[in-house]
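1. A structural model of the following input is requested.
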Amino acid sequence: MLANEYTLQQTVGALYIDHHQWLRAWLRGKLGCSEQAADLAQDTFLRMMHGKRNVHALEKPRAYLTQIAKHLLIDHWRRQAVERAWQETLAVAPETFVASPEERALILEALVRIDQLLDCLKPKVREAFLLSQLDGLGYRDIGERLGVGERMVKKYMAQAMLACLMMDEGP
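-> Reported below is the predicted structural model:
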């Protein structure tokens with residue numbers, strides 16, 4: 001183990017001892033669930049260890065922990081919303097469609113990644129992409145809906161497709 005890694009582990013360990021209970025209580029207040037709060041508290045410290053910020057020089061560690069935890073909460077709530085939508089879709093799907101637990105987990109993970117991708121797109125790029133992919137509209141119709149020319153729609157679609165390709169190469 002390198003000296004820098006050891007020092008980082010010591011620093012994060014000290015922060016963990018000093019602030020873990022506080023962070024769990026704060027998250028429990030947001031989530032209403034001790035188990036989920038414990039999981040997100042752990043994830044917060046893991047993210048801190050793998051982050052780019054110099055944790056040795058933190059002046060306000062609770063503010064930094066809160067910032068990380070808020071991002072994790074947003075991801076958690078977004079995942080829950082996607083999962084609810086997926087469950088609602090399954091409830092009305094024909095009974096001939098039955099996915100195994102493994103398939104359901106893979107589908108849910110893909111849906112979460114797609115949701116994250118869409119959230120990162122600029123609003124008009126996202127809308128153009130969705131109008132094309134979900135509604136099957138052509139570029140002219142999309143342009144009319146968005147109040148832009150076909151050339152701009154092509155640019156929006158190129159941006160969306162590039163984002164999709166980048167997502168495909170992600171973790």
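
2. where's V112, which helix or strand?
-> helix 101-120 (DSSP states H and E).

3. low pLDDT regions in the protein?
-> For the chain, the stretches with pLDDT under 70 are 1-6, 52, 56, 97, 168-171.

4. which residues of it fall in helices?
-> 3-31, 34-50, 61-92, 101-120, 123-133, 139-146, 150-168 (DSSP state H).

5. what about L106, how many residues nearby?
-> Applying other CB atoms under 10 Å, we find 12 residues neighbouring L106. Quick note: C-beta positions are derived from backbone N, CA and C, even for glycine.

6. so how far is Q159 from the residue nearest in space to the middle of the chain?
-> The centre of the chain sits closest to D75, judged by CA atoms, centre = their mean, with a distance of 4.4 Å. To Q159, D75 is 23 Å away according to CB to CB, to the nearest Å.

7. same thing with A63?
-> For A63, the distance to Q159 - CB to CB - is 34 Å.

8. again, but for S34
-> 42 Å.

9. who's more crowded, these two?
-> Between S34 and Q159, Q159 has the larger neighbour count (other CB under 10 Å), namely 17 against 12.

10. how near is that one to L117?
-> Taken as CB to CB, the span from Q159 to L117 is 11 Å.

11. same question, R145
-> Shown here: R145 relative to L117, a distance of 21 Å by CB to CB.

12. higher neighbour count, these two?
-> Between R145 and L117, counted using other CB under 10 Å, L117 has the larger neighbour count: 18 against 14.

13. just checking, that one touches L165?
-> No: L117 lies out of contact with L165 (CB atoms under 8 Å); the separation is 10.5 Å.

14. in stretch 64-82, what's buried?
-> Y64, L65, T66, I68, A69, L72, L73, H76, R79, V82 (16 or more other CB atoms under 10 Å).

15. which of these lies closest to H19?
-> Nearest to H19 among those, counting by CB to CB, is L65 at 5.9 Å.
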